[in-house]
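**Q** my questions are about this predicted structure, shown below with the sequence.
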Amino acid sequence: MKWFLMLLVFIAGIYYLVNQRGMEARRKAAADKTKQEQIKAIEEMPLPVRPEKEHVIQFSMQTLQTLRTLASDSNEKVRFAAIELLWELQDEQAPSVIKRMLQEETDTGVKKRLIAMIAKDKSKLSLALLSEAMNDYDKNTRLLAVEAIGGFSNKEAILVLNKGMKDYDEEVRLKSIEAVNRVRGDIEANKEQQIKELVKRPLFTVN
């Protein structure tokens, strides 16, 4: 009888150990799956929409209309000052005004400042506007747009740079390739950093 009880205890112990190992294996598999999904999410992370600013002063419609009109002023400094303020105010018509300016503006200095202004946001909207600048007849403007897009560190930027790699000017094509390589490097560096942070972060905590 004593040996029988010892045998039962032994069998129960073996069962417990096997069961524990099975649970650990399932837990590890679940953790690995979660991390793989998080890594995939990092790879497919899209550009954000333009973040809305808090505490923006609301201007009257009359003032906004005046600023929109001044964006077509004969003086280049007035034109840029007007659209810069509309952009800062996040006026709903600012993107369409900027698009028109990029299409019609003859002063390269204004286009240069426009590109620098919209590139700061790193959003879908600014990327779309920079894509418009890549259609410009002026090579230097297209080069500025390529340079700005090269700082986005996102796969969506690479898609836009495809346009530059097909440009008729060889310098634009070369700068577009270099920008794609820069974006690729930034994406990989960001991904590695985020993966390191995921590895350090425990998925299961005991309270």
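**A** Arrived safely. The shown structure was predicted, so the numbers you read here are calculated from the model rather than taken from an experiment. Numbering: from 1, shown residues only.

**Q** how about the nearest residue to Q93, chain neighbours excluded?
**A** Leaving aside its chain neighbours, Q93 sits nearest to R68 (6.0 Å; criterion: CB to CB, 6 or more residues apart in numbering). Quick note: C-beta positions are derived from backbone N, CA and C, even for glycine.

**Q** quick one: residues contacting the one you found.
**A** Shown here is R68, whose contacts under the criterion CB atoms under 8 Å, 6 or more residues apart in numbering are A82, L86, D91, Q93, V97.

**Q** how about L130?
**A** Applying CB under 8 Å, 6+ apart, we find L130 in contact with I115, I118, A119, A145, A148, I149, V160.

**Q** and with 6 Å instead?
**A** Residues in contact with L130, defined by CB atoms under 6 Å, 6 or more residues apart in numbering, are A145, A148, I149.

**Q** would you check that the last one makes contact with A157?
**A** Yes - counting by CB atoms under 6 Å, A157 is a contact partner of I149 at 5.1 Å.

**Q** higher neighbour count, these two?
**A** The residue with more neighbours, out of I149 and A157, is I149; 29 against 25, by other CB atoms under 10 Å.

**Q** which stretches of the protein form helices?
**A** Listed in chain order, the helices of the chain (DSSP state H) span 2-43, 61-70, 76-88, 94-104, 108-119, 124-133, 139-149, 155-165, 170-200.

**Q** pick out the shakiest of those helices, pLDDT-wise.
**A** Comparing mean pLDDT across those, the weakest is helix 2-43, with a mean of 55.

**Q** can you count the residues close to I83?
**A** 27.

**Q** try A82
**A** For A82, the neighbour count with other CB under 10 Å is 19.

**Q** roughly how far does the nearest residue to it once chain neighbours are set aside sit from E76?
**A** In space, and not counting its chain neighbours, A82 is closest to L70: 3.7 Å by CB to CB, 6+ apart. Per CB to CB, to the nearest Å, L70 is found 12 Å from E76.

**Q** could you do N140 as well?
**A** Look at N140 and E76: by CB to CB, they are 16 Å apart.

**Q** what's the answer for P95, then?
**A** P95 is 20 Å from E76, by CB to CB.

**Q** of those two, which one has the most company?
**A** P95 (19 against 16).

**Q** ok, for that one, nearest residue in space, not its chain neighbours?
**A** P95's closest residue in space is L125 (CB to CB, 6+ apart), at 6.1 Å.
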